[in-house]
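just to be clear, the model below is a prediction. Sequence and coordinates:
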2 protein chains.
Amino acid sequence: MSSEAGLNFMNDAVSSRAEVRNRLLAKLSPEDWVLVAPHLESVALKERQVVEVPHKPITHVYFMETGVVSVVAVNEEDHRIEVGVIGREGMTGVSLVMGDDRAQHSAYLQIGGNGRRMPAAAFIEAMNRSASLRSLMMKSAQAFMIQTAHTALANGRAKLEERLARWLLMAHDRLSSDAVPLTHEFLAVMLGVRRAGVTVALHSFERRGLISTRRGQLTLVDRKGIEKVAGSFYGIPEAELKRLMAE
Amino acid sequence: MSSEAGLNFMNDAVSSRAEVRNRLLAKLSPEDWVLVAPHLESVALKERQVVEVPHKPITHVYFMETGVVSVVAVNEEDHRIEVGVIGREGMTGVSLVMGDDRAQHSAYLQIGGNGRRMPAAAFIEAMNRSASLRSLMMKSAQAFMIQTAHTALANGRAKLEERLARWLLMAHDRLSSDAVPLTHEFLAVMLGVRRAGVTVALHSFERRGLISTRRGQLTLVDRKGIEKVAGSFYGIPEAELKRLMAE
DNA sequence: TGGACCCCGTACGTTTCCGTACTGAAATAA
DNA sequence: TTATTTCAGTACGGAAACGTACGGGGTCCA
């Protein structure tokens, strides 16, 4: 998976304010928008499109408007697990906000979508020029940290069904429809469990009327019911994101 | 556990540069040190001393010189697990660096020690005045994020023995001796596993000559051997910390 | 339209870890 | 010293999830 392959550029000259649907970009002050907009470029990314490679420099930050990015931690023995997801509420390239130039984790589109991207250098430059922009980006980074911490909690204490429910809810929050176009295999990789385990769990969800499934896709039917399954493993990062973005 | 109970203040007038052993404080430029030093206060903290309470304002940041702070994520159903440890390489109160005023997680001394603390307001003020200070603190925050992500990885993919070995190594990195003064019960809480499970695993370590144990304490004997057990679940955050602090 | 491939359903024995609980030994308080 | 509490060792059945693997059905491409 190359970082550039399969990338589609939209042919807008300069991103126009009104059509911005990424929540971070939408929150920019007019002054910060002026700082950022000239460097934005609309892109459409397919599923599995890689946007960050561990220990390599970050080339662009992505502000998605649809789709879901998975951030996956990997170690040398090739153990891997998702440590967070990013959708239209945030951005990729959190390391840049922290003054680092490289990606820590693998990041790629779990569910394809479109958004805008900005070269890393321009992003850093903009943050250096505007304290308010930097402040907003740090809040976003903080929200992502919280999500990662709760992923650690769920990974250590929750059962497969609880973690799966949590994942579906987080994905659903970032999608405009109830359909989640993913195979069991990919869900399994995200959660760090067996593919067969996901199949069985989803089956149980379906029998309970929580979701419906078909090949390569599942659809949330009873969100409240799924929330019940996830219990309090879901919710805190979402509430904290809301709080951090409220001001 | 109150935040103030059992706190001991040292009677130094102003912290002197030479005796600073916290690595973050030690890295401050002379100018940044001038900004920070007047607000530092030496403290000795006993084990279980609480320094941060979830969702409550952070009152002080702590720069430990000895001892280990556990940062523990908790949810409403009272599931809890450690998401990171902090010793003389870092600081507590990472949220402040990100522009938030409250603690996300519970933080307390897992192993007692001493260090310096600084009121939150003074810390924020100092960061606002110095870009280089802020930059250093953000690097430290980044290092902590990386640790949390790898905790999520270990929680999801590693076996009990691997996670226990990882924890021992992280504690050892932050202690000046090979002795870790902790009960099995506390290790179990950190890892989110049964106390009995820790007992059995430590036993196995002891039989293999990796550690020695006595009531309320264990001692690392063969660090290399323990690293072998932890495999690649240990190491990346440590290497990244080194890199981030190298500049 | 046939073949190849991908995805899902299912199964089985096995490992890991849990929940619980009882015991004795060590440390601490009275 | 004695009483009390804390900590460690051990055990048992059971739940959860694992590794592996096989077959059938969908989907897509030639």
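Nice, thanks for sending it over. Numbers count the residues shown, from 1 in each chain, chains lettered A, B, ... in the order given.

now do the same for residue A:247: its pLDDT.
We note a pLDDT of 74 for residue A:247 in this prediction.

that one: how many residues sit nearby?
By the criterion of other Cβ atoms under 10 Å in any protein chain shown, residue A:247 has 9 neighbours. From N, CA and C alone the C-beta is placed, and that goes for glycine too.

what residues does chain A have near DNA strand C?
Counting by Cβ under 7 Å from any atom of the strand, the residues of chain A lying close to DNA strand C are A:183-185, A:195-196, A:199-200, A:202-203, A:213, A:215-217.

output those residues as a markdown table; include the columns neighbour count and pLDDT.
Below are these laid out as a markdown table (neighbours: other Cβ atoms under 10 Å in any protein chain shown; pLDDT from 0 to 100):
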| residue | neighbour count | pLDDT |
| --- | --- | --- |
| A:183 | 14 | 97 |
| A:184 | 20 | 97 |
| A:185 | 12 | 97 |
| A:195 | 14 | 97 |
| A:196 | 10 | 97 |
| A:199 | 15 | 98 |
| A:200 | 14 | 98 |
| A:202 | 19 | 98 |
| A:203 | 12 | 97 |
| A:213 | 16 | 96 |
| A:215 | 7 | 95 |
| A:216 | 11 | 94 |
| A:217 | 12 | 96 |
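
using the three-state scheme, assign residue A:28.
Here residue A:28 is recorded as coil under DSSP: H, G, I helix; E, B strand; the rest coil.

who are the contact partners of it?
A:36, A:133, A:136 (Cβ atoms under 8 Å, 6 or more residues apart in numbering or on different chains).

circling back to that earlier point, mind checking which of the residues of chain A next to DNA strand C land in strands?
A:213, A:217 (DSSP state E).

so, low pLDDT: which residues of chain A?
A:1-15 (pLDDT under 70).

quick one: the helices in chain A, in order.
Along chain A, the segments classed as helices by DSSP state H run A:23-26, A:30-36, A:94-97, A:120-129, A:131-157, A:160-173, A:184-191, A:195-207, A:223-230, A:236-246.

quick test: name the residue nearest the centre of chain A.
Nearest residue to the geometric centre of chain A (Cα atoms, centre = their mean): residue A:86, 1.4 Å.

return the residues of chain A in contact with DNA strand D.
By the rule Cβ under 7 Å from any atom of the strand, the part of chain A lying against DNA strand D is A:159, A:160, A:161, A:192, A:193, A:194, A:195, A:196, A:197, A:214, A:215, A:216.

how many neighbours does the second one have?
The one in question is residue A:160. Using other Cβ under 10 Å, residue A:160 has 15 other residues around it.

was I right to think it contacts residue A:197?
Yes: Residue A:160 is within contact range of residue A:197, at 5.5 Å (criterion: Cβ atoms under 8 Å).

returning to that earlier point: please convert the contacts of residue A:28 to CSV, extending it with distance to residue B:152 and neighbour count.
Converted to CSV, those look like this (distance: Cβ to Cβ, whole Å; neighbours: other Cβ atoms under 10 Å in any protein chain shown):
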residue, distance to residue B:152, neighbour count
A:36, 31, 22
A:133, 29, 20
A:136, 25, 23
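
isn't residue A:81 up against residue A:72?
Yes: Residue A:81 is within contact range of residue A:72, at 6.7 Å (criterion: Cβ under 8 Å).

wait, which of the helices of chain A is closest to residue B:208?
For residue B:208, the closest of the helices of chain A is helix A:131-157, at 24.8 Å, according to Cβ to Cβ.

hmm, who's touching stretch A:159-174?
A:67-68, A:85-89, A:110-111, A:154-155, A:158, A:178, A:180, A:182, A:187, A:190-191, A:193, A:197-198, A:201-202, A:204-205, A:211, A:218, A:220, A:223, A:226-227, A:229-231, A:233-234, A:238.

any of those buried? List them.
A:67-68, A:85-89, A:110-111, A:154-155, A:158, A:180, A:182, A:187, A:190-191, A:193, A:197-198, A:201-202, A:205, A:211, A:218, A:220, A:226-227, A:229-231, A:233-234, A:238 (16 or more other Cβ atoms under 10 Å in any protein chain shown).

of the residues you listed, list those near chain B.
For chain B, the contacts drawn from the buried ones among the contacts of stretch A:159-174 by Cβ under 8 Å from any Cβ of the partner chain are A:155, A:158, A:191, A:231, A:233.

farthest pair in these?
A:191 and A:231 (16.1 Å).

now the contacts of residue A:28 in a markdown table, with distance to residue A:117?
Output for those, formatted as a markdown table (distance: Cβ to Cβ, whole Å):
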| residue | distance to residue A:117 |
| --- | --- |
| A:36 | 11 |
| A:133 | 16 |
| A:136 | 18 |
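
out of these, who's nearest residue B:45?
residue A:136 (34.4 Å).

just give the nearest non-adjacent residue to the closest one, would you?
In space, and not counting its chain neighbours, residue A:136 is closest to residue A:27: 6.2 Å by Cβ to Cβ, 6 or more residues apart in numbering or on different chains.

roughly how far apart are residue A:76 and chain B?
For residue A:76, the distance to chain B equals 4 Å [Cβ to the nearest Cβ, to the nearest Å].

list the contacts for residue A:234?
Per Cβ under 8 Å, 6+ apart, neighbours of residue A:234: A:165, A:166, A:169, A:170, A:227.

for the closest residue to residue A:22 other than its chain neighbours, give the beta-bridge partners.
The shortest distance from residue A:22 to any non-neighbouring residue, by Cβ to Cβ, 6+ apart, is to residue A:63 (4.0 Å). Residues in a beta bridge with residue A:63, per DSSP bridges, are residue A:116.

so what's the residue count around residue A:63?
Neighbours of residue A:63 under the rule other Cβ under 10 Å: 26.

was I right about it contacting residue A:25?
Yes: applying Cβ under 8 Å, one finds residue A:63 in contact with residue A:25, separated by 5.2 Å.

what touches both of the two?
In terms of Cβ under 8 Å, 6+ apart, residue A:63 and residue A:25 are both contacted by the residues A:40, A:116.

which of the ones next to chain B among the buried ones among the contacts of stretch A:159-174 sits closest to DNA strand C?
residue A:158 (11.1 Å; Cβ to the nearest atom of the strand).

please report how far the residue lying closest to the closest one once chain neighbours are set aside lies from DNA strand D.
Leaving aside its sequence neighbours, residue A:158 sits nearest to residue A:233 (Cβ to Cβ, 6+ apart; 4.8 Å). To DNA strand D, residue A:233 is 12 Å away according to Cβ to the nearest atom of the strand, to the nearest Å.

who's in contact with residue A:233?
By Cβ under 8 Å, 6+ apart, the contact list for residue A:233 reads A:150, A:153, A:154, A:157, A:158, A:162, A:163, A:165, A:166, B:75, B:79.

mind redoing it with 10 Å?
For residue A:233, the contact set (Cβ atoms under 10 Å, 6 or more residues apart in numbering or on different chains) comprises A:150-151, A:153-155, A:157-159, A:162-163, A:165-166, A:169, B:75-77, B:79.

go on, residue A:34?
Contacts of residue A:34 (Cβ under 10 Å, 6+ apart): A:17, A:28, A:126, A:130.

buried among these? Make that a ChimeraX selection.
Provided next is the ChimeraX selection string for whichever of the contacts of residue A:34 are buried by 16+ other Cβ under 10 Å:
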select /A:28,126,130
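
mind putting the contacts of residue A:34 in CSV, distance to residue A:43 included?
Compiled in CSV, the contacts of residue A:34 are given as follows (distance: Cβ to Cβ, whole Å):
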residue, distance to residue A:43
A:17, 18
A:28, 19
A:126, 18
A:130, 24
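
what about the residue of chain A most remote from its centre, distance to residue A:201?
Distance to the chain centre peaks in chain A at residue A:207, reaching 28.8 Å (criterion: Cα atoms, centre = their mean). Relative to residue A:201, residue A:207 is positioned 11 Å away (Cβ to Cβ, to the nearest Å).
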